[in-house]
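**Q** sequence unknown, structure follows:
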DNA sequence: CAGTGGTCTAGACCACCTC
DNA sequence: AGGTGGTCTAGACCACTGA
């Protein structure tokens, strides 16, 4: 553990990155689950045979990527989607006037299908592999805000049904991580303006053909493995998509 | 410099943050300009009377916020908008097919006005204060992509004219930082889908009433001072707005 | 009070760049 | 060779939390 793999090798990585990989493995395998405290820095230093400072640097990196949460005096915790801060990292929706405290998810449909070419390519599946399609509506203060169509690999969410979605009080990603051990880490979004088709218009209570914000998202778990494809139609009459550039 | 302002004071900040503030001041005052190398970590440590590790932590933070750029073996440099990496941090435009190498900015208009209520509020000016309004078109491979309407505080960009914009080969923000010493650090964007009005439709070569992506941006310099308000109409027939959620 | 993360220091050595 | 940033260590002390 004290030597880089090879001084001039292309796979060289500093000690703290190797430690980071080891910690990531323990997250993947579920040794520490979302919400859990991981061992203290000094414990990990002993376990990995490095100094506390090196463990610290590994954890620093992971904390800056929202994989771990540090809490002074308490410990370091595995990040969880059961947390408003984490929640709005993946929902860049804001209200033009009030805030979004009253946000409510309404599952509409959930069915099985076989992956077409597009879905298969996006989710890195074989064409024809089992997938699950979910439709749901997001409401804020009784006003419809977003209509989502969500594609999931069938293998990972084997027993998912509309009833489970309906009876779940938590956010989708919190359900996914707690019930299916699939943790959403990172996502790429592509945004376009489109005209509302009949279905979207009706659900979002806008005129057919009126402009909607289309948000296409591919979501990844550890190792950049794609595990969700999503198309969201945002009504931007009373809401907007918020983004911070830094 | 060795003591926090007061152990239990609300203004308490660790040493490395105080160092960070001092470095930031030197950036604001122009002691080190965009593209310049700043003094080495050990020099700064001596100058500020702290250890190199403390300077290092201050610089680490600033580098992670893209204020400084570290280059191993060469030194630490003040970030500049004359840099493709920095450029696409503030232009989340992507082409559906090809890449955006051929991007071209076409200034259309530039005139003086007095700030109305909205502009004044957004830019933290008095109502009636002098402002500059710029209109320009972004093209990619001869196809129009974005129509921007840009509001600037008149005081900061005193001699800006359409001719200067037209004859400038660099990006807007590079021009701003090199000619007016106004460095854009951070921006907030609000996105909506709207219908193209006659002017936008004509410039972007789409049908009047077709959906456009409206991107409203407020850009800040040091100390979160707003220095630009911008409304961009994005044609999303051949392009999209790209965003990474992490 | 003990245990956690947070800060600060000092020193050694490595990797990279330039001359 | 000499300078820069990058890594790693060891140890001291501070700030916060909860029993």
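**A** Now that the structure is in, tell me what you want to look at. The shown structure was predicted, so the numbers you read here are calculated from the model rather than taken from an experiment.
**Q** any idea of the pLDDT on residue A:88?
**A** Note for residue A:88: predicted pLDDT of 88.
**Q** Show me which positions of the host helix or strand of it end up buried.
**A** Assigned by DSSP states H and E, residue A:88 belongs to helix A:84-89. With burial defined by 16 or more other CB atoms under 10 Å in any protein chain shown, the residues of helix A:84-89 counted as buried are A:86, A:89. Every residue, glycine included, has its C-beta placed from N, CA and C.
**Q** The helix or strand following that helix and chain B, are they touching?
**A** Sequence-wise, the next helix or strand downstream of helix A:84-89 (DSSP H and E) is strand A:93-95. Yes - Strand A:93-95 lies within reach of chain B by CB under 8 Å from any CB of the partner chain, at residue A:94.
**Q** Likewise for stretch A:238-246?
**A** Yes - looking at stretch A:238-246 against chain B by CB under 8 Å from any CB, the contacts come from A:240-246.
**Q** distance between the ends of stretch A:78-97?
**A** In stretch A:78-97, first residue to last residue: 34 Å (CA to CA, to the nearest Å).
**Q** anything in that stretch sitting right up against DNA strand C?
**A** No - judged by CB under 7 Å from any atom of the strand, stretch A:78-97 and DNA strand C are separated, with a smallest distance of 11.8 Å.
**Q** buried sites along stretch A:191-210?
**A** A:191-196, A:200-201, A:203-204, A:206, A:210.
**Q** err, stretch A:217-229, not the other one
**A** For stretch A:217-229, the neighbour count (16+ other CB under 10 Å) marks A:217-221, A:226-229 as buried.
**Q** ditto for stretch A:130-139
**A** Residues of stretch A:130-139 classed as buried by neighbour count (16+ other CB under 10 Å): A:130-138.
**Q** For that stretch, give the mean pLDDT please.
**A** 97.
**Q** what's the closest non-adjacent residue to residue A:66?
**A** residue A:79 (5.5 Å; CB to CB, 6 or more residues apart in numbering or on different chains).
**Q** To what extent is that neighbour buried, counted in neighbours?
**A** Look at residue A:79: counted by other CB atoms under 10 Å in any protein chain shown, it has 22 neighbours.
**Q** and of the buried residues of stretch A:130-139, the nearest to residue A:148?
**A** Closest to residue A:148 out of those is residue A:136 (5.2 Å), distances taken as CB to CB.
**Q** now the lowest-mean-pLDDT helix or strand in chain A: how far from the chain's centre is it?
**A** Least confident element among the helices and strands of chain A, by mean pLDDT, DSSP states H and E: helix A:84-89 (a mean of 86). Relative to the chain's own centre, helix A:84-89 is displaced by 10 Å; criterion: CA atoms, centre = their mean, to the nearest Å.
**Q** For that helix, name the packing helices and strands.
**A** Applying 3 or more CB pairs under 8 Å, 6 or more residues apart in numbering or on different chains; DSSP states H and E, we find helix A:84-89 packed against no helix or strand.
**Q** pretty sure residue A:39 is touching residue A:46, no?
**A** No - using CB atoms under 8 Å as the test, residue A:39 is too far from residue A:46 to be in contact (9.2 Å).
**Q** ok, now which ones touch the residue most central in space within chain A?
**A** For chain A, residue A:184 is the residue whose C-alpha lies nearest the centre (CA atoms, centre = their mean; 3.1 Å). The contact partners of residue A:184, taken as CB atoms under 8 Å, 6 or more residues apart in numbering or on different chains, are A:81, A:90, A:173, A:176-177, A:219-221, A:227-228.
**Q** switch the cut-off to 7 Å
**A** Contacts for residue A:184 (CB atoms under 7 Å, 6 or more residues apart in numbering or on different chains) come out as A:81, A:90, A:173, A:176, A:219, A:221, A:228.
**Q** now, which of those lie close to chain B?
**A** The subset of the contacts of residue A:184 within reach of chain B, by CB under 7 Å from any CB of the partner chain, is residue A:90.
**Q** For the closest residue to residue A:52 other than its chain neighbours, grab the count of nearby residues.
**A** The shortest distance from residue A:52 to any residue other than its chain neighbours is 4.4 Å, reached at residue A:45 (CB to CB, 6+ apart). By the criterion of other CB under 10 Å, residue A:45 has 18 neighbours.
**Q** Return the list of helices and strands in contact with the helix or strand in which residue A:45 is found.
**A** Using DSSP H and E, residue A:45 maps to helix A:41-48. When contacts are defined as 3 or more CB pairs under 7 Å, 6 or more residues apart in numbering or on different chains; DSSP states H and E, helix A:41-48 packs onto helix A:52-64.
**Q** Any idea what residue A:139 is bridged to?
**A** residue A:104, residue A:144 (DSSP bridges).
**Q** Need the residues that contact stretch A:236-244.
**A** Everything outside stretch A:236-244 that qualifies as a contact, by CB under 7 Å, 6+ apart, is A:92-96, A:143, A:145, A:191, A:206, A:213, A:234, B:188-193, B:243.
**Q** now with 6 Å?
**A** Residues outside stretch A:236-244 that contact it (CB atoms under 6 Å, 6 or more residues apart in numbering or on different chains): A:92-96, A:145, A:213, B:188-193, B:243.
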